[in-house]
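Asker: Need a 3D model of the following:
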Amino acid sequence: EVQLVESGGGLVQAGGSLRLSCAASGFTLDKYAIGWFRQAPGKEREGVSYISSSDVYYEDSVKGRFTISSDNAKNTVYLQMNSLKPEDTAVYYCAATVRVVAWWSPNEYDYWGQGTQVTVSS
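Answerer: You can find the predicted model right below:
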């Protein structure tokens, strides 16, 4: 059974940092790409970052602040978030796909985690 479990969310002040983890089971990361998404109240789910065996992408507003990485030995993908802003407040999800054309589109992904809340206070 394919499963993704996010952790690491929490409450942090503006300018602070958090590291999110996405632990995968039922498949290995060398065969799947992982995307991080976020959804704020009243807004659509948006792509934040993406990692595959060959590519890494970031949404413009997080470039230079967020870093995505993968530890294949632990079958876990991380999202290091620095210089957090109140507008980063959202539920963050990781998702897995075998093949993607538009990495930022939630429709491209087959499996999703349950999400972890990130709240940035001003």
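Asker: Quick one, grab the pLDDT at V62.
Answerer: Note on V62: pLDDT of 98.
Asker: Was I right to think it contacts Y50?
Answerer: No - V62 is beyond contact range of Y50, at 11.5 Å (criterion: Cβ atoms under 8 Å). Quick note: C-beta positions are derived from backbone N, CA and C, even for glycine.
Asker: Comparing these two, which shows the higher neighbour count?
Answerer: Neighbour count, other Cβ atoms under 10 Å: between V62 and Y50, Y50 has more, with 25 against 21.
Asker: can I get the CA coordinates of the helix or strand hosting that one in PDB?
Answerer: If you go by DSSP states H and E, Y50 is part of strand 46-51. C-alpha atoms of strand 46-51 as PDB (Å, rounded to 0.1, in the frame of the first residue of the first chain):
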ATOM      1  CA  GLU A  46      -0.700  25.300  -5.100                       C
ATOM      2  CA  GLY A  47       2.600  23.600  -6.000                       C
ATOM      3  CA  VAL A  48       5.500  24.700  -3.800                       C
ATOM      4  CA  SER A  49       8.400  22.500  -4.900                       C
ATOM      5  CA  TYR A  50       9.200  19.300  -6.700                       C
ATOM      6  CA  ILE A  51      12.000  16.700  -6.800                       C
END
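Asker: In the sheet, which residues pair with the spatially most central residue of the chain? Tell me.
Answerer: The centroid of the chain falls nearest to W36 when counting by Cα atoms, centre = their mean (2.3 Å). Applying DSSP bridges to W36 gives these bridge partners: S49, C94.
Asker: Sweet, I'm off.
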